[in-house]
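1. Let me see the structure of the following:
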Amino acid sequence: MKQACDEAVIRSGTRSAPPKTKSRSWILAATIVGSSMAFIDGTVVNVALPALQSSLHATVVDVQWVVESYGLFLSSLVLVGGALGDSIGRRRMFLLGIGLFGAASVGCGLSSSISQLIVARCVQGIGAAALVPTSLAIISASFDEKSRGKAIGTWSGFTAITTALGPVLGGWLIEHASWHWVFFINVPLAAAVVAISLWQVPESRSATPQRIDWLGALVATTGLAGLVYGFLESALLGWSNARVVGSLIVGFIALTLFPFVEKGVVAPMVPLSLFKSPAFSGANLLTLFLYAALGVFLFLFPLNLIQIQGYSATGTGAAALPTILLMFVLSRWSGGLVTRYGPKKPLIVGPLIAAAGFLLFALPSVGGSYWTTFFPAFVVLGFGMAVCVAPLTTVVMASVESDRAGTASGINNAVARLAGVLAIAVFGIVMVKIFAAHLDRRLPSLSLAPETAQEIRSKEIELAGMESPKNLDANARSAVKNAVSEAFLAGFRVVLFSCAGLAIGSAGVASVLVSKK
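-> Okay, the predicted model is just below:
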């Protein structure tokens with residue numbers, strides 16, 4: 001689903017002379033399709049993870065890297081991409097991002113190994129970091145005050161629909177063609193966006209372009225990459241491994257130095273003075289907690305549905321529609337809550353409702369109808385998110401001076417993306433450790449040959465994607481499958497309890513740091 005403050009980035013962007021009226025529909029078409037490609041690829045790949053595990057014989061760490069490599073570069077470079085577009089031209093940067101994204105999609109689709117796919121996903125993330133902020137800036141620069149509200153509403157509505165339907169289409173392609181087509185589908189879309197942009201989208205840039213904070217971007221990317229590598233690979237190599245220890249040390253040092261780097265550069269991508277506002281700091285901490293919970297949930301839930309519950313890829317892609325549609329339908333109503341109650345109450349109540357949704361997801365075991373197991377949980381989660389997203393945007397925009405609103409909304413948008421990257425890295429370890437411990441306790445009761453039990457233990461890093469040993473009879477195979485399912489659900493429930501705790505923590509942050517007004 002889309003991240004926090006997407007609409008706020010548009011509203012606070014720099015305006016230039018609007019183009020002719022006849023071009024505006026084409027501008028919206030290009031920016032909607034371009035943004036949707038990046039949004040969809042942030043989630044549709046989650047539906048493809050079980051197929052990737054099976055096709056490429058990947059571990060859970062491998063498929064974590066498929067998700068993390070994209071999110072890492074997008075979250076760490078998205079602020080630089082926006083600033084670079086203001087300097088060299090928004091359309092030029094948008095086209096560069098679309099070109100990189102399309103070429104990387106071809107690379108993803110042609111990948112024959114997990115390492116090739118991860119490299120291509122890194123390039124996709126870089127392309128997305130260029131196209132996402134510039135697509136929003138193009139809308140801001142292309143519409144005057146009278147028409148901007150309608151343009152933002154159109155962009156928001158269509159991107160919500162495409163983001164909702166993307167995983168369904170992706171699931172259908174996986175089920176009826178192959179996972180490769182999840183990426184190939186981007187190629188004709190990218191070609192159409194390039195053609196429309198060259199034909200109808202005017203060039204624009206900031207009248208006073210700012211310097212690009214390359215040093216800050218390098219330090220932030222190095223720090224995040226070090227932490228993500230250390231956390232992910234620790235599940236496979238162990239905490240004492242030199243590479244794990246070294247990458248964690250480098251990551252922590254780089255992130256510790258980041259505030260000092262930002263304080264020393266002329267045009268920091270993250271101005272530290274903004275965090276002097278308790279409301280701005282609170283809004284970003286709330287975003288970090290809440291979107292961390294969402295990020296790790298959206299990573300693990302498709303694995304549960306496909307590998308444990310036996311859902312099809314198409315059904316899995318459609319499962320989250322209630323949440324996305326509720327957030328879209330209730331967005332205008334949610335904005336009215338701020339007018340009526342102020343932002344504080346919705347930002348306390350919304351995350352608490354979302355926490356209840358996460359707890360509901362932890363209840364079902366194996367089997368049961370979607371309508372009685374997961375549908376109520378998706379409705380509760382969607383309602384909770386709908387209550388708090390618009391107030392969160394309001395707090396971010398109102399917590400700083402009007403001329404810094406664009407920077408503030410961009411930072412909050414990046415924090416939302418970063419939250420999922422860190423959560424998948426950290427809670428992936430929790431999931432693997434609990435799964436392995438639970439399965440190890442069950443194996444002695446299955447009366448398996450020692451070498452068979454050892455073979456199963458050696459595959460625990462694959463979670464529920466592991467293949468049962470071939471020498472098992474039907475009864476033993478069924479017993480192993482049940483044990484694996486129980487172990488996965490044990491880890492999944494702990495992670496969901498943690499997600500509920502993060503959501504409750506975000507409500508606590510709002511109660512302390514967000515003003516009633």
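
2. how many neighbours does Ser365 have?
-> 12 (other CB atoms under 10 Å). C-beta coordinates here come from the backbone N, C-alpha and C atoms, glycine included.

3. and it, what element?
-> Ser365 is located outside every helix and strand, with elements delineated by DSSP states H and E.

4. Which helix or which strand is home to the closest residue to it other than its chain neighbours?
-> Closest residue to Ser365 apart from its sequence neighbours, by CB to CB, 6 or more residues apart in numbering: Leu489 at 6.6 Å. Per DSSP H and E, Leu489 falls inside helix 474-513.

5. same for that helix, what does it pack against?
-> The helices and strands touching helix 474-513, judged by 3 or more CB pairs under 8 Å, 6 or more residues apart in numbering; DSSP states H and E, are helix 278-303, helix 344-361, helix 405-442.

6. Kindly reformat these as a markdown table containing mean neighbour count and mean pLDDT.
-> A markdown table is the format used below for those (neighbours: other CB atoms under 10 Å; pLDDT from 0 to 100):
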| stretch | mean neighbour count | mean pLDDT |
| --- | --- | --- |
| helix 278-303 | 24 | 94 |
| helix 344-361 | 23 | 95 |
| helix 405-442 | 22 | 90 |
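
7. and the gap between Glu460 and Phe435?
-> As judged by CB to CB, to the nearest Å, Glu460 and Phe435 stand 6 Å apart.

8. Sorry, wrong one. I was asking about Lys481.
-> Distance from Lys481 to Phe435, by CB to CB: 14 Å.

9. do the same with Tyr291
-> Distance from Tyr291 to Phe435, by CB to CB: 24 Å.

10. Next: Gly230.
-> 20 Å.

11. picking that back up, the helices and strands packed on helix 474-513: which one's closest to Met37?
-> Minimum separation from Met37 across the helices and strands packed on helix 474-513 (CB to CB) falls at helix 405-442, 15.5 Å.

12. and the angle for the closest one with helix 278-303?
-> 40 degrees (axes from the mean of the first three to the mean of the last three CA atoms, to 10 degrees).

13. What is helix 405-442 packed up against?
-> helix 6-11, helix 60-88, helix 214-237, helix 278-303, helix 375-398, helix 450-458, helix 474-513.

14. With distance to Leu418 as added columns, please give the ones you listed in JSON lines.
-> Rendered in JSON lines, the data for these read as follows (distance: least, CB to CB, whole Å):
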{"stretch": "helix 6-11", "distance to Leu418": "15"}
{"stretch": "helix 60-88", "distance to Leu418": "4"}
{"stretch": "helix 214-237", "distance to Leu418": "7"}
{"stretch": "helix 278-303", "distance to Leu418": "8"}
{"stretch": "helix 375-398", "distance to Leu418": "15"}
{"stretch": "helix 450-458", "distance to Leu418": "34"}
{"stretch": "helix 474-513", "distance to Leu418": "14"}
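
15. Figure out which of those is closest to Ala267.
-> helix 60-88 (7.8 Å).

16. Run the chain-centre distance for that closest one.
-> Centroid separation for helix 60-88 versus its chain: 10 Å, with CA atoms, centre = their mean, to the nearest Å.

17. again with stretch 155-168
-> 15 Å.

18. for stretch 381-401, same thing?
-> That offset, for stretch 381-401, works out to 18 Å (CA atoms, centre = their mean).

19. Export it to CSV, keeping only CA atoms.
-> What follows is stretch 381-401, C-alpha atoms only, in CSV (Å, rounded to 0.1, in the frame of the first residue of the first chain):
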residue,chain,number,x,y,z
LEU,A,381,-6.8,-3.2,10.3
GLY,A,382,-8.1,-1.1,7.4
PHE,A,383,-10.4,0.9,9.6
GLY,A,384,-7.6,1.6,12.1
MET,A,385,-5.2,2.8,9.4
ALA,A,386,-8.0,4.9,7.8
VAL,A,387,-8.5,6.7,11.1
CYS,A,388,-4.9,7.7,11.5
VAL,A,389,-3.4,8.3,8.0
ALA,A,390,-5.0,11.7,7.2
PRO,A,391,-4.4,13.1,10.8
LEU,A,392,-0.8,11.9,10.6
THR,A,393,-0.3,13.9,7.3
THR,A,394,-1.9,16.9,9.0
VAL,A,395,0.4,16.8,12.0
VAL,A,396,3.5,16.5,9.7
MET,A,397,2.4,19.5,7.6
ALA,A,398,1.4,21.7,10.5
SER,A,399,4.4,21.0,12.8
VAL,A,400,6.8,23.1,10.7
GLU,A,401,6.8,26.4,9.0
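
20. So for it, what gets flagged as buried?
-> By neighbour count on 16 or more other CB atoms under 10 Å, the buried set for stretch 381-401 is 381-400.

21. Any regions of the stretch 51-200 of the chain where pLDDT drops low?
-> Within the stretch 51-200 of the chain, the segments meeting pLDDT under 70 span 148.

22. if we can go back for a sec, residue contacts, the residue nearest to Ser365?
-> Leu489 is in contact with 304, 308, 365-366, counting by CB atoms under 8 Å, 6 or more residues apart in numbering.
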